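J.: sharing a model prediction with you, sequence too.
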Amino acid sequence: MVDDGAYFTINRARQYGKTTTLRALAHHLKKEYDVISLDFQRMSSLSFENEQTFVAAFAEELLEAAVQLPEEISEELKAFTDGSARINSLQALFRILRLWCKRSDKRIVLIIDEVDTATNNQVFLDFLAQLRAAYLDSDVTPTFQSVILAGVYDVRNIKRKIRAEDDHKTNSPWNIAADFLVSMSFSAEDISGMLMEYETDYHTGMDVQKIAELLYEYTSGYPYLVSRLCKFLDERIAGSKEFPDKNDAWTEKGFFEAEKMLVKENNPLYQSLIDKLYSYPELKTVLYELLFNGKSIPYISTNSYIETAAMFGFIRNVNDTVVISNRIFETVLYNFFISEEFVGNKIYDAGVQERNYFISGGHLNVRKILEKFIETFDYLYGDRDETFLEDVGRRYFLLFLKPIINGIGNYSIEPETRNRERMDVVIYYHGEQHIIEMKVWRGNAYNERGEKQLSDYLDYFHLKKGYMLSFNFNKKKEIGVREIFLGDKVLIEAVV
């Protein structure tokens with residue numbers, strides 16, 4: 001793209017490796033080009049206050065970033081910074097930049113990271129418009145070989161007024177940008193390659209393919225999450241009481257311990273995600289519907305909520321349907337939504353009070369959890385209407401479950417089963433897995449299909465016992481728990 005003279009943006013969610021990629025790219029390009037790497041995060045908000053302060057700050061960053069500058073260009077830029085320039089404007093700045101591109105022995109590539117810092121400022125939009133004009137005029141006037149802008153927001157979508165008095169007419173000052181189609185996430189093969197290098201150094205005996213698949217399954221290749229899980233396995237899981245060395249840590253059991261750590265920590269990536277939910281209430285509503293109610297949402301890129309959710313890394317497109325980006329984010333979001341109801345919620349309080357009742361010899365007694373949940377839920381909400389029960393049932397079970405397993409266990413929702421009719425929860429507790437299918441009762445025939453689905457799911461997890469929690473709105477329903485034998489499997493079926 002650089003060799004072809006493309007101007008483009010790299011917009012990805014936080015902690016996606018944009019800066020690392022830009023640094024590696026700059027290092028590679030220096031063999032053939034003069035590369036100027038700037039970071040707008042280093043410029044204060046005052047730098048974008050007006051045209052004059054921006055030009056002075058931009059010139060100062062250029063002087064520091066450029067390895068070789070013709071003396072005449074250097075003097076002109078210094079004049080912008082010390083206030084001695086006769087005219088301190090974007091037009092004057094770009095005159096100097098064109099002259100620099102003309103005098104340079106090598107073609108110049110401009111890279112600007114963290115452009116989000118400036119997106120709300122008119123002076124930045126004017127700066128983009130100048131870059132655009134230079135690009136369009138590049139066949140007759142020397143200019144940058146390539147310009148790369150990086151940040152979370154896609155600056156192609158920033159609008160600029162054509163005339164101050166004409167509010168409804170807008171255009172984009174960066175509509176020249178080429179599409180950046182390079183995938184920056186890791187594939188399972190990428191992860192496997194990294195693990196093989198690690199294995200060569202440490203000889204853990206891990207099943208490289210299996211661990212790579214687990215890492216990809218839970219992160220969808222999100223670079224920060226992959227790196228963080230591996231860091232936990234290497235530095236915090238290995239050497240712990242339960243996992244004395246790296247051989248013990250780099251196992252399926254060790255992975256789930258690392259996943260539990262990652263879900264529970266409060267890192268800058270999660271903080272950024274949650275902050276966006278408060279800033280965009282409509283986005284919060286969409287994600288809630290997707291997670292708890294299994295609402296199928298078509299992926300329409302022109303929809304502002306979809307565009308925003310994708311830009312911040314919450315969602316991705318799978319077969320033109322919206323899905324949460326990865327299983328780690330899913331669990332973090334579930335925990336966040338549930339945590340908003342902790343205070344004063346009677347079903348959560350019941351889980352807290354009864355916690356020790358469900359633990360025996362370090363093992364989780366899921367049957368007792370279901371029995372107590374049915375008793376508590378029916379007592380608190382049994383007289384509510386169907387709409388209420390269908391809306392809150394599954395959420396309230398997770399709210400009841402959370403304090404019981406908190407600190408030791410974790411849970412995840414199987415994405416392929418999350419819909420209006422069915423949601424499968426996998427509980428991880430002291431190295432053991434428990435599968436609970438939560439479903440809305442739709443009659444005996446539908447229930448029998450659910451039993452068969454759960455049985456097949458148990459085969460996938462190599463388990464002989466599973467659990468089914470049915471929310472039945474039939475007035476004549478019989479609540480309680482029973483055992484069903486299906487082939488060589490036992491299904492504990494609870495009805496509320």
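T.: The structure has been received and is ready for your questions.

J.: what does stretch 203-218 rub up against?
T.: Stretch 203-218 is contacted by residues 186-189, 191-192, 195-196, 198-199, 225-226, 229-230, 246-247, 249-252, 255, 259, 326-328, 412 when judged by Cβ atoms under 8 Å, 6 or more residues apart in numbering. Where C-beta positions appear, they are placed from N, C-alpha and C, glycine not excepted.

J.: so of those, which ones are in strands?
T.: Counting by DSSP state E, the contacts of stretch 203-218 place S412 in strands.

J.: put the buried members of the contacts of stretch 203-218 into a PyMOL selection.
T.: One line in PyMOL is enough to select the buried ones among the contacts of stretch 203-218; burial here means 16 or more other Cβ atoms under 10 Å:
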select buried, resi 186+191+192+195+198+199+225+226+229+230+246+249+250+251+255+259+326+327+328+412
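
J.: can you report how many residues lie near L333?
T.: Neighbours of L333 under the rule other Cβ atoms under 10 Å: 22.

J.: also K465?
T.: Per other Cβ under 10 Å, the neighbour tally for K465 reads 14.

J.: and the residue nearest the centre of this protein?
T.: G313 (4.1 Å; Cα atoms, centre = their mean).

J.: which of the contacts of stretch 203-218 fall in helices?
T.: Secondary structure from DSSP state H places 188-189, 191-192, 195-196, 198-199, 225-226, 229-230, 246-247, 249, 252, 255, 259, 327-328 of the contacts of stretch 203-218 in helices.

J.: just to revisit the earlier point, ok, for the residue nearest to the centre of the chain, nearest residue in space, not its chain neighbours?
T.: Closest residue to G313 apart from its sequence neighbours, by Cβ to Cβ, 6 or more residues apart in numbering: A13 at 2.6 Å.

J.: from Y135, how far off is that neighbour?
T.: According to Cβ to Cβ, to the nearest Å, A13 and Y135 sit 27 Å apart.

J.: again with H434
T.: As judged by Cβ to Cβ, H434 and Y135 stand 58 Å apart.

J.: who has more neighbours, the two?
T.: H434 (24 against 19).

J.: list the contacts of that one.
T.: Counting by Cβ under 8 Å, 6+ apart, H434 touches L364, V366, V426, I427, Y467.

J.: got a PyMOL select line for the buried ones in those residues?
T.: Here is the PyMOL command that picks out the buried ones among the contacts of H434, judged by 16+ other Cβ under 10 Å:
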select buried, resi 364+366+426+427+467
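
J.: which ones among the contacts of H434 map onto helices?
T.: When DSSP H defines the helices, the subset of the contacts of H434 inside them is V366.

J.: of the contacts of H434, closest to N474?
T.: Comparing the contacts of H434 against N474 with Cβ to Cβ places Y467 closest, at 20.8 Å.

J.: who does that closest one bridge with?
T.: I436, I492 (DSSP bridges).

J.: could you double-check that it lies in contact with E437?
T.: Yes. Here Y467 reaches E437: they are 7.1 Å apart, a contact under Cβ atoms under 8 Å.

J.: and the helix or strand that contains F127, what's buried?
T.: Assessed by DSSP states H and E, F127 sits inside helix 122-136. Residues V123, F124, L125, D126, F127, L128, A129, Q130, L131, R132, A134, Y135 are the ones in helix 122-136 that count as buried (16+ other Cβ under 10 Å).

J.: pull the number of nearby residues for D275.
T.: For D275, the neighbour count with other Cβ under 10 Å is 11.

J.: what lies in contact with whichever strand or helix holds it?
T.: Secondary structure from DSSP H and E places D275 in helix 268-279. If you take Cβ under 8 Å, 6+ apart as the criterion, helix 268-279 is touched by 14-15, 224, 283-284, 287, 308, 312-314, 329, 332-333, 336.

J.: of those, buried ones?
T.: Listed as buried from the contacts of helix 268-279 are 14-15, 224, 283-284, 287, 308, 312-314, 329, 332-333, 336; burial here means 16+ other Cβ under 10 Å.

J.: and the furthest pair within those residues?
T.: It's Y224 and K284 that sit farthest apart of the buried ones among the contacts of helix 268-279, by Cβ to Cβ, at 22.4 Å.

J.: wait, isn't the residue nearest to the centre of the chain in contact with I328?
T.: No. If you go by Cβ under 8 Å, G313 and I328 don't touch, sitting 11.3 Å apart.

J.: shared neighbours, the two?
T.: Contact criterion Cβ under 8 Å, 6+ apart; residues bridging G313 and I328 by contacting each: Y222.

J.: avg pLDDT for the host helix or strand of E375?
T.: According to DSSP H and E, E375 maps onto helix 366-381. Summarised as a single mean, pLDDT over helix 366-381 is 91.

J.: return the set of buried residues in that helix.
T.: Buried residues in helix 366-381 (16+ other Cβ under 10 Å): V366, R367, K368, I369, L370, E371, K372, F373, I374, T376, F377, Y381.

J.: okay, these in a markdown table with distance to I274 next?
T.: Shown next, in a markdown table, are those (distance: Cβ to Cβ, whole Å):
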| residue | distance to I274 |
| --- | --- |
| V366 | 30 |
| R367 | 35 |
| K368 | 33 |
| I369 | 28 |
| L370 | 31 |
| E371 | 34 |
| K372 | 31 |
| F373 | 28 |
| I374 | 33 |
| T376 | 29 |
| F377 | 28 |
| Y381 | 28 |
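
J.: next up, the contacts around C230.
T.: Residues near C230 by Cβ under 8 Å, 6+ apart: M194, Y198, L215.

J.: distance check, it against A249.
T.: Taking Cβ to Cβ, one finds C230 at 11 Å from A249.

J.: show me the contacts for the residue nearest to L77 when sequence neighbours are not counted.
T.: Spatial nearest neighbour of L77, excluding adjacent residues (Cβ to Cβ, 6+ apart): A59 at 4.3 Å. By Cβ under 8 Å, 6+ apart, the contact list for A59 reads L77, K78, F80, T81, L93.

J.: what's the single longest helix in this protein?
T.: Identified as the longest helix of the chain according to DSSP H is helix 386-405.

J.: would you mark the buried spots in it?
T.: Buried residues in helix 386-405 (16+ other Cβ under 10 Å): 389, 392-405.

J.: could you single out the nearest of those residues to V67?
T.: After measuring those against V67 - Cβ to Cβ - the closest member comes out as K402, at 55.1 Å.

J.: residue contacts, that closest one?
T.: For K402, the contacting residues are N335, I338, Y348, G351, by Cβ under 8 Å, 6+ apart.

J.: list the contacts of stretch 60-80.
T.: 34, 36-38, 42-43, 55-56, 59, 81, 85, 88, 92-93, 96, 99-100, 103-104.

J.: cool, stretch 35-49 as well?
T.: Contacts to stretch 35-49, defined as Cβ under 8 Å, 6+ apart, come from residues 22-23, 26, 29, 53-54, 56-58, 61-62, 65-66, 108-118, 121, 123-124.

J.: change it to 6 Å
T.: 26, 29, 53-54, 57, 61, 65-66, 109-115, 117-118, 121, 123 (Cβ atoms under 6 Å, 6 or more residues apart in numbering).

J.: give me phi/psi at A494?
T.: Dihedral pair for A494: phi -110, psi 140, per degrees, to the nearest 10.
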